[in-house]
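Novice: Next input, structure requested:
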Amino acid sequence: KVAHAKRLAADFGMSNTQVSRLVSGTIAEIADRVLRGTGQNRILAAGGDTSAAICSRLGISGMRIYREIEPGLPSSLSLSRKRPLMLVLKSGSFGGPDFFEKAIEHMKSRQDRL
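Specialist: Below is the predicted model:
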């Protein structure tokens, strides 16, 4: 899928960096709209660039580690918002094949703790 998106972007004269920023920025915009529209206070995001774009879009300038879900993959609480968010930001090749299931269960089990 990524290679296909890059080929399509190249057809429109976009570099790999430009298409990556476009995709990450669009996902960040969607996350922002969903949070504002639903009142949710949890985000699970994959990809370092996408995670950075989401944090930037939401004005998150700092986080406090909450709990480790798997080695190297903690949940965090945002420090720079009136109402804190729980974030699980997965980047790189960290995490096992069932990490997303574990992360979702982790976030569900702490619904009332923010």
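Novice: C-alpha only now, for contacts and for neighbours.
Specialist: OK.
Novice: Can you read off the pLDDT for the residue positioned nearest the centre of the chain?
Specialist: Centroid-nearest residue in the chain, with CA atoms, centre = their mean: Ala45, separated by 2.6 Å. In this model, Ala45 is scored at 96, pLDDT.
Novice: Lys1 too?
Specialist: pLDDT, Lys1: 83.
Novice: How many residues are close by it?
Specialist: As a burial measure, Lys1 scores 6 neighbours (other CA atoms under 10 Å).
Novice: Also Lys6?
Specialist: The tally of other residues near Lys6 (other CA under 10 Å) stands at 18.
Novice: sorry, back to before: you'd agree the residue nearest to the centre of the chain is up against Leu89?
Specialist: Yes: if you go by CA atoms under 8 Å, Ala45 and Leu89 touch, sitting 5.0 Å apart.
Novice: Return every residue with contacts to both of those two.
Specialist: Ser51 (CA atoms under 8 Å, 6 or more residues apart in numbering).
Novice: The helix ranked longest in the chain - contacts with which helices or strands?
Specialist: When the chain is parsed with DSSP state H, its longest helix is helix 16-38. Contacts defined by 3 or more CA pairs under 8 Å, 6 or more residues apart in numbering; DSSP states H and E place helix 16-38 against helix 2-11, helix 48-58.
Novice: Need those helices in JSON lines (columns: distance to Ala31).
Specialist: As requested, those are exported to JSON lines (distance: least, CA to CA, whole Å):
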{"stretch": "helix 2-11", "distance to Ala31": "20"}
{"stretch": "helix 48-58", "distance to Ala31": "7"}
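Novice: which of these sits most buried?
Specialist: Among these, the stretch with the highest mean neighbour count (mean count of other CA atoms under 10 Å) is helix 48-58, at a mean of 18.
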